[in-house]
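In: here is my input, please return the structure:
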Amino acid sequence: MKRFFICFLLLSATKSYAQQYALYNSRTLFDAFENPAQKAFTLDSSRKFASNFLLPNLGINGTNKGDANYTLRRLVADQVFNASGIPIGEGKRNELYQNTNIYLLTFRIFQSYKYHKELGFSWQVRTDARLNYTNESLALVDSYKRFTNSSYNDIFNNYGSGQSYHQFSVNYREDFNKKLSFGIKFSLLSGVTYNSLDIDRSSFAVYKDGTGNDILDVRLRGLYKANFLYFKDLNTSSYLPNFKNPGASISFGTSYKAKSGVFLMANVKDLGFIKWNNDSHYINFNSGSLIVNPGTMTSKEINQQITDMVTGKDKRDGFYSATNASADVTVSKGYGNYTPMVVVSKNLFYKGGDFAFVNSMKFNNFYASVTPAYNFNGFFMAGIQGMYRTPNFEVYLGTDNLLKTIAARQDQNSGSGYYGASFYMGMAIKFGGTVEHPLNSSHMPGVGEEEEKSFFQSIFGIFKKKKK
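Out: Numbers count the residues shown, from 1 in each chain. Down below sits the predicted model:
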């Protein structure tokens, strides 16, 4: 059991995706790529091109809920696995959630004044992980002697999945009219790692044989899917984009600015899939193992025998996995230097979502935000963000979960409730010629070109009645 738990934990710790709601409607480059209808350029102020110049815009966010918090703290802080204090036999479970989004490279072009057209290209690395596991799964790793009853049923029924992938995207947005905008983002995906475990039946018994030796009787039934069995199977090239595990996704959104100053935005994000190649592992398991005299064995040897129950009848086959698609709605309105904003986001295929209330204050080119939020998995969070932004430069630093992030850096015994941490940062620069209004320029791309048409007006035009 330890192997599966550590696998998910490593996926969670190495890459993650923070929601960064304080950056919504911020007119940053991150905002423009995450919310397809958003603008990144300002007339008469911005330069024509924008990029992060390989300076990663990254966010890290992970959370665990349950009795395993202490074990996680020790594992993260001291690299020591200790599950001795976890209560067993009460049917308690733990939930681990983690996502990551790292923009390695972004490049965006202001195409035309007419319809304010913008075209962007990006390279991201992402991960999503979720795991629901029992206290007993960790306690067995610590010591089988903690199980004092003769038999247990369904105490190892765990389920979860984790995947990481590269995402190469093309993003296009334009104004439909002075109030309404649309945007779309097409992405090609290259899968890196995938693990999915679903144990739907399990049993465990402890007894002595005729010679007085301890016997562990372990039985498991379920499904395990992965594109690798052991971390030693991965090498440097495994983490580079190679499209051996191809996929695709789409994001689309719209925004509307009312005369009253109310701003509305709605998006569907990362609706897609990945096809994992035929050398992947697709294992239906239903097996048992008798572990004789475990007191003479190391924890590694015991766990290897349990692992062999799952992987012993390995079957190579391809399979599909869904990306962590979501839908969100944003409402905001400015009051001088203060702008409150409400964001509601819901995962489409998996459990989870957020309700966030962003409070932003502007001080010349400096921005400060405080964001209380409730995650639908049962977590309350409080985030803060600081940002310096001009029309041609932006840099920001923040966290979606300030108090838990501070507690995670302190002694492993500190903190209560769930265990979590969050951090994000980014920078972008605009360069090239200034994006000027046509009244201030002798030439502006898209001005005076009568044949230029709106992409989205052409699409929606098929629904209009033709004039006779």
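In: residues touching the one helix or strand Glu136 maps to, excluding its own?
Out: Glu136 belongs to helix 135-142 when elements are defined using DSSP states H and E. With contacts defined as CB atoms under 8 Å, 6 or more residues apart in numbering, helix 135-142 is touched by 1-2, 5, 66-68, 71, 81-84, 86-90, 92-94, 146-147, 152, 155-156, 158, 204, 299, 303. For glycine as for every other residue, the C-beta is placed from the backbone atoms N, C-alpha and C.
In: can you tell me the helix or strand for Leu72?
Out: Taking DSSP H and E as the criterion, Leu72 maps to helix 69-78.
In: what residues sit buried inside that helix?
Out: Neighbour counts over helix 69-78 (16 or more other CB atoms under 10 Å) mark Asn69, Tyr70, Thr71, Leu72, Arg73, Arg74, Leu75, Val76 as buried.
In: pLDDT and distance to Ser238 added to the residues you listed, as JSON lines?
Out: Below are these laid out as JSON lines (pLDDT from 0 to 100; distance: CB to CB, whole Å):
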{"residue": "Asn69", "pLDDT": "82", "distance to Ser238": "31"}
{"residue": "Tyr70", "pLDDT": "79", "distance to Ser238": "33"}
{"residue": "Thr71", "pLDDT": "81", "distance to Ser238": "28"}
{"residue": "Leu72", "pLDDT": "79", "distance to Ser238": "26"}
{"residue": "Arg73", "pLDDT": "77", "distance to Ser238": "30"}
{"residue": "Arg74", "pLDDT": "75", "distance to Ser238": "29"}
{"residue": "Leu75", "pLDDT": "75", "distance to Ser238": "24"}
{"residue": "Val76", "pLDDT": "71", "distance to Ser238": "24"}
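In: which of those residues sits closest to Asp44?
Out: Set against Asp44, the nearest of the buried residues of helix 69-78 by CB to CB is Val76 (48.8 Å).
In: against Tyr239, how distant is the closest one?
Out: 22 Å (CB to CB, to the nearest Å).
In: picking that back up, from the buried residues of helix 69-78, which is closest to Leu43?
Out: For the buried residues of helix 69-78, the closest approach to Leu43 (CB to CB) belongs to Val76, at 47.4 Å.
In: distance of that closest one from Tyr115?
Out: 49 Å.
In: swap in Gly160?
Out: Gly160 is 45 Å from Tyr115, by CB to CB.
In: repeat that for Ser260.
Out: From Ser260 across to Tyr115, the span is 24 Å (CB to CB).
In: which one of these two is surrounded by more residues?
Out: Counted by other CB atoms under 10 Å, Ser260 and Tyr115 do not tie: Tyr115 has more neighbours, with 20 against 7.
In: nearest residue to the more buried one other than its sequence neighbours?
Out: The spatial neighbour of Tyr115 that comes closest, neighbours along the chain excluded (CB to CB, 6 or more residues apart in numbering), is Glu174 at 4.3 Å.
In: residues contacting the one you found?
Out: Tyr115, His116, Lys117, Glu118, Ser181, Phe182, Gly183, Ser454, Phe455, Phe456.
In: host element of it?
Out: In the assignment (DSSP H and E), Glu174 maps to strand 159-175.
In: partners of that strand in the sheet?
Out: Neighbouring strands of strand 159-175 in its sheet, by DSSP bridges, are strand 117-134 (antiparallel), strand 180-208 (antiparallel).
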